[in-house]
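*Asks:* kindly generate the corresponding structure for this input.
(chains A, B and C)
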Amino acid sequence: MIGYNLMLWLDILGTAVFAISGVLLAGKLRMDPFGVLVLGVVTAIGGGTIRDMALANGPVFWVKDPTDLIVAMLTCVLTLLLVRQPRRLPKWILPVLDAIGLAVFVGIGVNKAFDAGSGPLVAVCMGVITGVGGGIIRDVLAREIPMILRTEVYATACIIGGTVHAATFYILGISLQQAMMLGMVITLGIRLAAIRWHLKLPAFVLEQ
Amino acid sequence: MIGYNLMLWLDILGTAVFAISGVLLAGKLRMDPFGVLVLGVVTAIGGGTIRDMALANGPVFWVKDPTDLIVAMLTCVLTLLLVRQPRRLPKWILPVLDAIGLAVFVGIGVNKAFDAGSGPLVAVCMGVITGVGGGIIRDVLAREIPMILRTEVYATACIIGGTVHAATFYILGISLQQAMMLGMVITLGIRLAAIRWHLKLPAFVLEQ
Amino acid sequence: MIGYNLMLWLDILGTAVFAISGVLLAGKLRMDPFGVLVLGVVTAIGGGTIRDMALANGPVFWVKDPTDLIVAMLTCVLTLLLVRQPRRLPKWILPVLDAIGLAVFVGIGVNKAFDAGSGPLVAVCMGVITGVGGGIIRDVLAREIPMILRTEVYATACIIGGTVHAATFYILGISLQQAMMLGMVITLGIRLAAIRWHLKLPAFVLEQ
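*Replies:* Here you go, the predicted structure:
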């Protein structure tokens, strides 16, 4: 029961922070409020939507249960109403929100894949898709360079976190909930460390 | 019977105008005729394809019944053959075609979601996805700024039209067909007014 | 039996060459190794994923059987480890790899659509989607002009190859495997000829 509630709250948290990240990015683009709403909602539910289409386990989650859709919409509306700017938005806001949503959604994606009967490799992929999908759609629509294409250990963080999650559950046999918490802390920790200290892996570069 | 025929003709109309819009946009990009065909067809059937993937109500519509696919292809071929340019294309052509397709497809999307058993909130979302999906794919492929990201009440028009459609049917209890006609007229009217008088909502802007 | 093995090997070949093409393109973008891995894998499995979502014939192929996923990952890792550059990559490498993957995946897509009970028109579309989908995602993420939008008979090659494949099977009644080989040779031949001699169809251009 606690497990179920925890999942629900994490889901709402991830949805809300991604929605805010979509709205804040939209603030660069001179869009009208309804356009902002669309970008925020797509960012919040995009990753899980692609995951559910790939798992083909019935309609996507927000068709089965519109809770997340409502959370995303309300968050966008509140952000639109409440964000006033006495001064510039600090530069770390968007990456940090994105990091929280990433960590939560990778964990949820791995869990949902295991629930649908997938093996650990597919589960990690579903975690990565859930985590990065919404942000990729947001960045492609806004014509930003997708975060996953930058060097600051973005894909790295969610692949490592998702792999720890899947491996500790599947190989070591700890509970799925504990494995998820561990994976989420690792994904989030790596991303926050990367943002704080500008960590980078060596880039793979080919002259062309 | 009349209702069914009306839906069919509206569907063909929306498919054709979106296909033309894809071909006209392709005219900017120096593509060869088969590339133009692909862009036109994707624009025409893209939104409904994403909707059907999300509803997961069996294969997507053009796999079940290739009528729309054939309409899209023939429209592209005819447009390629018939469009000759004595002078520049008037600037309003592309937005107006897009507006007609948008209004029709939002209505069809809302209806299909109700048919699949969705509630009104999900139905409005499916309407918006159906209406804007093809144009977004068209614009992302062509590396244009997606219309939905501009300020000229694009998302606004289809959210208001779709909401009126869903609400008059679901709350007021008028027939689905009448609700659809009302919603479509509203979406189209708002878009045409916005194009004609350059209406804009105040943009949401954050300095970053 | 031979037929089954042939399909399997072609599938692995197509997956591997698309994965390499994703990694080589990533080499332009200064990404870290895990980001490169994601781009390579998405390029390799993206087209088939969209096809399977549209056919809605159960979960997508790599969820049912992760072989291709593993092939894509191993290919990316090997490419990352082995590609060293004594000198510039020759310019033809990326288009030629892409051409091989394109020809193979168009053939596989047409076959899978026939297997799922589709008619010839839908089968050709599924072939084109399977062939071009991964490369389009790769190019959109990397913010390159998608190959399919360029004039060098890219869409043309796969539409002609796929049509020959579907028509010789469906109308002339030759075996599906022979039809596939014929279609693949035609797609590949047209693309290689286009790359070698810079063949172009006349572009469709509208002043706007």
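
*Asks:* and the lowest-mean-pLDDT helix or strand in chain A, what's buried?
*Replies:* Lowest by mean pLDDT, DSSP states H and E among the helices and strands of chain A is helix A:2-26, with a mean of 89. Burial within helix A:2-26, assessed by neighbour count using 16 or more other CB atoms under 10 Å in any protein chain shown, is assigned to A:7, A:10-26. Using the backbone N, CA and C atoms, a C-beta is placed for each residue, glycine as well.

*Asks:* right, is it up against chain B?
*Replies:* Yes - using CB under 8 Å from any CB of the partner chain, helix A:2-26 reaches chain B at A:V23, A:L24, A:A26.

*Asks:* redo the residues you listed as CSV? Include distance to B:L199.
*Replies:* Output for the residues of helix A:2-26 next to chain B, formatted as CSV (distance: CB to CB, whole Å):
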residue, distance to B:L199
A:V23, 23
A:L24, 26
A:A26, 19
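
*Asks:* and the end-to-end length of stretch A:21-31?
*Replies:* 15 Å (CA to CA, to the nearest Å).

*Asks:* check what contacts it and list those residues.
*Replies:* Applying CB atoms under 8 Å, 6 or more residues apart in numbering or on different chains, the external contacts of stretch A:21-31 come out as A:35-36, A:39-44, A:75-76, A:79-80, A:83, A:89, A:93-94, A:97-98, A:101, A:134-135, A:138-139, A:142, A:144, B:149-151, B:203-206, B:208.

*Asks:* buried subset of those as a ChimeraX selection?
*Replies:* ChimeraX command restricting the contacts of stretch A:21-31 to the buried ones, with burial defined by 16+ other CB under 10 Å:
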select /A:35,36,39,40,41,42,43,44,75,76,79,80,94,97,98,101,134,135,138,139,142 /B:149,150,151,203,204,206
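
*Asks:* from the chain's centre, how far out does the least confident helix or strand of chain A sit?
*Replies:* 8 Å (CA atoms, centre = their mean, to the nearest Å).

*Asks:* return the distance of stretch A:110-120 from the chain's centre.
*Replies:* The answer for stretch A:110-120 is 17 Å, by CA atoms, centre = their mean.

*Asks:* what residues are up against A:G47?
*Replies:* With the criterion set at CB under 8 Å, 6+ apart, A:G47 makes contact with A:F105, A:G109, A:I129, A:T130, A:G131, A:V132, A:G133, A:G134, A:G135.

*Asks:* can you lay out these as CSV showing secondary structure, distance to A:V71 and pLDDT?
*Replies:* Formatted as CSV, the contacts of A:G47 follow (DSSP: H, G, I helix; E, B strand; the rest coil; distance: CB to CB, whole Å; pLDDT from 0 to 100):
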residue, secondary structure, distance to A:V71, pLDDT
A:F105, helix, 13, 97
A:G109, helix, 17, 97
A:I129, helix, 20, 97
A:T130, helix, 16, 97
A:G131, helix, 18, 96
A:V132, helix, 20, 95
A:G133, helix, 17, 95
A:G134, helix, 13, 95
A:G135, helix, 17, 92
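
*Asks:* the nearest residue to A:S175 once chain neighbours are set aside sits in which helix or strand?
*Replies:* Spatial nearest neighbour of A:S175, excluding adjacent residues (CB to CB, 6 or more residues apart in numbering or on different chains): A:F169 at 7.5 Å. A:F169 is part of helix A:154-170 when elements are defined by DSSP states H and E.

*Asks:* got a list of what A:V132 touches?
*Replies:* So A:V132 contacts A:G47, A:L102, A:M147, A:I148, A:Y154, A:A155, A:C158, C:V38 (CB under 8 Å, 6+ apart).

*Asks:* I'd like the average pLDDT over the helix or strand just after the least confident helix or strand of chain A.
*Replies:* The C-terminal neighbour of helix A:2-26 among helices and strands, as given by DSSP H and E, is helix A:33-55. What helix A:33-55 shows for mean pLDDT is 96.
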